[in-house]
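Student: Please find the sequence and the predicted model below.
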Amino acid sequence: MDEAILLPLAHAGHWLWVLYLPPVLIVVGSIIRAKLAERRRRRSDTDRSTD
Amino acid sequence: MSRLPDLLPLAHALVARKDLPIPTWLFAWGASLVLIVSFFALSVAWRTPRFEEDRWRPLGAGLSRALLGIPAQVVCGAIGVFLLGVAIYAGLRGTEAPDRNFALTFLFVTAWLGFPVFSVIFGDVFRPFNPWRAVGRVVGGAFTAFAGQRPAHLRYPERLGRWPAAIGLIAVVWLEIVYGSSGGVAVGLSPHSAAVAALFYSAYALAMMAIFGVEEWCARGEIFSVYFGMFSQLGSFAVRDGRLGRRLPLAAATHWATVPGSAAVVIASIATTSFDGAQEGAFKGGLESTFERLVDAGLGLTSALRLTDTIFMLLTFAGVALVYLIGVRGMSTVEGAPPFKKLRSGFAHTLIPIAFAYLVAHYFSLFVFQEQAQFTYLLSDPLGTTTTDLFGTASGGIDFRALSSNAIWYVQVGALIVGHVTGLTLAHDRATAYWGDYRQAARSQYWMLAVMVAFTCFGLYLLSVANG
């Protein structure tokens, strides 16, 4: 019973590294978003010039 | 204040921090914000390359003569050979207690950590003190005097570049923290093993100098010359054609990585420091489970421990290289990008400030505390046998209150931020040279921003876990 109560607390520290990830994910996400937007823009430019 | 206990219970972190105003992970967020703001500031304000041009100006001829003349070369070379000799002698004849023997602190703290710092400030200071170069030059000079001709050397293979130094760098750190792994001591290697390794390395270095020439080997293959020389590229002092001069700080770094294997040297530097920090905290769980599996598979305890550490050290190298290569790959997708190969070597120098920052962040406290030992009891009693007191400081000790745990943490955070902003600046400068158009250059640097943010957060995570 004691173990069941202590377990989540004991393991919380193991997940601390997750808090260091958001800055990396935000920057990488922004790059991917910008890349996709650029690709979309380029594709629409090509479509327009073909029309 | 007493002398150190037999086993120094510190590696690179000392005591847990207290009363920080915010949680440690928020420092990573703050540092990332600083990088992002710096990135946008560079994108707007830094429109032309400033570090590509080689602007070296000589200092006074008298100063060059005094610092670089033959008497100074002889004195510096003799000091280098003498200190290496003392370290080897102390290792072979002194106590086996790692913290009481001059050899380990001198080789792995004073020299290994001190030279990078002094190289950044004063230029390539290891070169005049390099004991192997000094011996090689004396032997070469003697040969020329007796034979009446200069010694003939083989041509150094261009392809090899700095690869021997990169592999050697990993080998040195492997020797210190994997082979010597004994859990929780500053340098776990036995003084005797360190002395034997120094003797083997001396024989190897001198043989390579005999084959390829002293200066050629020092420029490409001699581990310590290449490693400390790499950090000297960040500073403003340099010797050219026998004259001391000044240049724009950081500018020399832009030309350093053109030799093959240079990227491997700087990546090895970051990776070995990261591994050393991570094994105390971040990798602990993984190391333990791998170790247990290897023991279960029938390996002896020491072999399992060393193999586990070796695997993780190589994985760290691969991980750091992968992050850098992802950044380079990303850059290569931006319109107008040079070939991938050119980008790969062209941006390697941007990692040098990060390697230096990692070094400062991980070993700052170790250096400050161990140097107190170096300049008190280790200097007076180099063998650690309590039989000598050469300078009357044998009863000295380490004042662990010299630095508070919070002060250490702030130095670590500061070093990482400054190192990464400097790396970002170098990368942006190189991008403006490669892309021409500063807007396109800034676009290419989104990827390097990601690399820098990743290294910053990883570095702070390692430190927070190790110090926790």
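Tutor: Thanks, I have the structure now.

Student: hey, where'd the strands end up in the stretch 101-250 of chain B?
Tutor: Here the stretch 101-250 of chain B has its strands, by DSSP state E, counting those that start in this stretch, at B:237-240, B:243-246.

Student: Give me the helices and strands touching the first one, please.
Tutor: Right, the one you point to is strand B:237-240. strand B:243-246 (3 or more C-beta pairs under 8 Å, 6 or more residues apart in numbering or on different chains; DSSP states H and E). Every C-beta, even on glycine, is put in place using the N, C-alpha and C of the backbone.

Student: list the buried ones in the strand it packs on?
Tutor: Neighbour-count burial for strand B:243-246, with 16 or more other C-beta atoms under 10 Å in any protein chain shown as criterion, is recorded at B:243-245.

Student: So, low pLDDT: which residues of the stretch 1-150 of chain B?
Tutor: Filtered on pLDDT under 70, the stretch 1-150 of chain B yields the residue ranges B:1-19.

Student: For it, give the residue positioned nearest to chain A.
Tutor: Residue of the stretch 1-150 of chain B nearest chain A, by C-beta to the nearest C-beta: B:Ser32 (3.4 Å).

Student: For that residue, pull up the helix or strand it's in.
Tutor: helix B:24-45 (DSSP states H and E).

Student: For the helix or strand just after that helix, which strands pair with it and how are they oriented?
Tutor: Using DSSP H and E, the next helix or strand after helix B:24-45 towards the C-terminus is strand B:57-58. Strand pairing for strand B:57-58, using DSSP bridges, gives strand B:243-246 (antiparallel).

Student: chain center to the strand it pairs with: distance?
Tutor: Chain-centre distance of strand B:243-246: 24 Å, with C-alpha atoms, centre = their mean, to the nearest Å.

Student: avg pLDDT for it?
Tutor: In this model, strand B:243-246 has a mean pLDDT of 94.

Student: Dump the C-alpha coordinates for whichever helix or strand comes after it into PDB.
Tutor: Next along the chain after strand B:243-246, taking DSSP H and E as the criterion, comes helix B:253-256. The C-alpha trace of helix B:253-256 is given here as PDB (Å, rounded to 0.1, in the frame of the first residue of the first chain):
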ATOM      1  CA  ALA B 253      38.100  30.200 -35.900                       C
ATOM      2  CA  THR B 254      36.500  30.700 -39.400                       C
ATOM      3  CA  HIS B 255      39.500  29.200 -41.100                       C
ATOM      4  CA  TRP B 256      40.300  26.500 -38.600                       C
END
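
Student: if we can go back for a sec, relative to A:Trp15, which of the strands of the stretch 101-250 of chain B is closest?
Tutor: A:Trp15 lies closest, by C-beta to C-beta, to one member of these: strand B:237-240, at 47.0 Å.

Student: That closest one pairs with which strands?
Tutor: Here, using DSSP bridges, strand B:237-240 pairs with strand B:243-246 (antiparallel).

Student: Mind checking which residue lies nearest the centre of chain A?
Tutor: A:Leu25 (4.1 Å; C-alpha atoms, centre = their mean).

Student: ugh, typo on my part, it should be chain B
Tutor: B:Ser269 (5.5 Å).

Student: tell me the SS of that residue?
Tutor: Following DSSP: H, G, I helix; E, B strand; the rest coil, we place B:Ser269 in the helix state.

Student: how about the nearest residue to it once chain neighbours are set aside, what does it touch?
Tutor: Leaving aside its chain neighbours, B:Ser269 sits nearest to B:Ala355 (4.0 Å; criterion: C-beta to C-beta, 6 or more residues apart in numbering or on different chains). By C-beta atoms under 8 Å, 6 or more residues apart in numbering or on different chains, the contact list for B:Ala355 reads B:230-231, B:266, B:269-270, B:273.

Student: if we go to 7 Å?
Tutor: Contact partners of B:Ala355, counting by C-beta atoms under 7 Å, 6 or more residues apart in numbering or on different chains, are B:266, B:269-270.

Student: out of the residues you listed, who's nearest chain A?
Tutor: Nearest to chain A among the contacts of B:Ala355: B:Ile270, at 16.3 Å, using C-beta to the nearest C-beta.

Student: Go ahead and confirm that closest one touches B:Leu351.
Tutor: Yes - with contact defined as C-beta atoms under 7 Å, B:Ile270 reaches B:Leu351; the gap is 6.4 Å.

Student: Neighbour count for the two, which is higher?
Tutor: Ranked by neighbour count (other C-beta atoms under 10 Å in any protein chain shown), B:Ile270 and B:Leu351 place B:Leu351 first, with 30 against 27.

Student: I'd like to know how far A:Trp17 sits from chain B.
Tutor: 6 Å (C-beta to the nearest C-beta, to the nearest Å).

Student: Could you check how many residues crowd around that residue?
Tutor: Around A:Trp17 there are 16 residues (other C-beta under 10 Å).

Student: Check it and give its pLDDT.
Tutor: Looking at A:Trp17, its pLDDT reads 83.

Student: And for B:Gly423?
Tutor: Model confidence at B:Gly423 (pLDDT) stands at 96.

Student: so whichever strand or helix holds it versus helix B:24-45, what angle?
Tutor: Following DSSP H and E, the helix or strand that holds B:Gly423 is helix B:405-435. Helix B:405-435 runs at 30 degrees relative to helix B:24-45, counting by axes from the mean of the first three to the mean of the last three C-alpha atoms, to 10 degrees.

Student: ok, B:His349 touching B:Leu426?
Tutor: Yes - counting by C-beta under 7 Å, B:His349 does reach B:Leu426; the two are 6.2 Å apart.

Student: Those two: which has the busier surroundings?
Tutor: A count of neighbours by other C-beta under 10 Å puts B:His349 above the other of B:His349 and B:Leu426, at 27 against 24.

Student: got the contact list for that one?
Tutor: Residues near B:His349 by C-beta under 7 Å, 6+ apart: B:253-254, B:256-257, B:426.

Student: CSV for these, including pLDDT?
Tutor: Putting the contacts of B:His349 into CSV (pLDDT from 0 to 100) gives the following:
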residue, pLDDT
B:Ala253, 94
B:Thr254, 93
B:Trp256, 93
B:Ala257, 91
B:Leu426, 96
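
Student: Adding distance to chain A, write those residues out as JSON lines.
Tutor: Compiled in JSON lines, those are given as follows (distance: C-beta to the nearest C-beta, whole Å):
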{"residue": "B:Ala253", "distance to chain A": "24"}
{"residue": "B:Thr254", "distance to chain A": "25"}
{"residue": "B:Trp256", "distance to chain A": "27"}
{"residue": "B:Ala257", "distance to chain A": "24"}
{"residue": "B:Leu426", "distance to chain A": "18"}
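
Student: Go through these and name the one nearest B:Val320.
Tutor: B:Ala257 (15.4 Å).

Student: Dihedrals phi and psi, that closest one?
Tutor: B:Ala257 has phi and psi values of phi -90, psi 10 when expressed as degrees, to the nearest 10.

Student: what about it, how many neighbours?
Tutor: Neighbours of B:Ala257 under the rule other C-beta under 10 Å: 25.

Student: Leaving out the residues flanking it, which one is nearest to it?
Tutor: B:Ala348 (3.9 Å).

Student: Just the pLDDT for that neighbour.
Tutor: On the pLDDT scale, B:Ala348 gets 96.

Student: Confirm for me that it is in contact with B:Ala264.
Tutor: No - contact criterion C-beta under 7 Å: B:Ala348 and B:Ala264 do not qualify, at 8.7 Å.
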